[in-house]
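1. Just a sequence and a predicted model for now, questions to come.
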Amino acid sequence: MTRRVGVALVALALALAWASPVMAQAVSDPTPLQYRDAAEEARFHALAAELRCVQCQNQSLADSNAQIAHDLRREVLVLMQQGNSDAQIKQFLVDRYGEFVLYRPPMEARNALLWFGPPVALLIGAGVLIWVVRRRSYGIQPMDKSEERW
């Protein structure tokens, strides 16, 4: 009987040890961000709206509730309070996470397809649609009076 209890206790300890990292969550700092003045707060919100959450991928840094977004917002505010410009802060984040972090990446030759691809595809689609409609309209023959079935 004691051997069974010992095996059960070992199994329970192993199950708890395995499950504890799964249930663990990162603890965020619950204190709200402290701004020096209203101008700094407005600048912060404008900058956070231009940056993308690196985890959510479809939300701005201002809108995301992910833990990394909380951390990045704090880091952006610290960089602002250290006197860095918006361009320097963006460059710091781009160096760290890549251009993906910018909602509006600069137009360059390597990402020209992202900027010009959708309008070009739309124009090509409109051209094909016009071509198909014109081609079909030329192939339609008017009906003779004998073919009418009124």
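-> Right, received. Where do you want to start?

2. Against Trp131, how distant is the residue positioned nearest the centre of the chain?
-> Centroid-nearest residue in the chain: Gln57, 2.0 Å away (criterion: CA atoms, centre = their mean). Noted for Gln57: a distance of 38 Å to Trp131, by CB to CB, to the nearest Å. Placement of C-beta: from N, CA and C, glycine included.

3. Repeat that for Arg73.
-> 51 Å.

4. With Ala42 instead?
-> 51 Å.

5. Give me the neighbour count for Asp86.
-> Asp86: 14 surrounding residues under other CB atoms under 10 Å.

6. If you could redo that for Leu47, that was the one I meant.
-> Neighbours around Leu47, by other CB under 10 Å: 20.

7. so what's it closest to, chain neighbours aside?
-> Asp86 (5.5 Å; CB to CB, 6 or more residues apart in numbering).

8. Confirm for me that that neighbour is in contact with Ala48.
-> No. In this structure, Asp86 is not within contact of Ala48 by CB atoms under 8 Å, at 10.8 Å.

9. Look through this protein and tell me its longest helix.
-> The longest helix of the chain (DSSP state H) is helix 112-139.

10. any idea of the mean pLDDT in that helix?
-> Helix 112-139 comes out with an average pLDDT of 88.

11. Could you pull out the buried residues of that helix?
-> Along helix 112-139, no position meets the burial threshold by neighbour count (16 or more other CB atoms under 10 Å).

12. does the residue nearest to the centre of the chain sit in a helix, a strand or a coil?
-> Put simply, Gln57 is coil when judged by DSSP: H, G, I helix; E, B strand; the rest coil.

13. got a pLDDT number for it?
-> 72.

14. Spatially nearest residue to it, not counting backbone neighbours?
-> Counting by CB to CB, 6+ apart, Gln57 lies nearest to Phe100, which is 7.9 Å off, once chain neighbours are set aside.

15. now do Arg104
-> Nearest one to Arg104, counting by CB to CB, 6+ apart, is Glu50 at 6.8 Å.

16. Tell me where the protein has helices.
-> Going by DSSP H, the chain shows helices at 2-23, 38-50, 67-81, 86-97, 112-139.

17. I'd like the distance between the residue nearest to Gln57 and Gln55.
-> Taken as CB to CB, the span from Phe100 to Gln55 is 11 Å.
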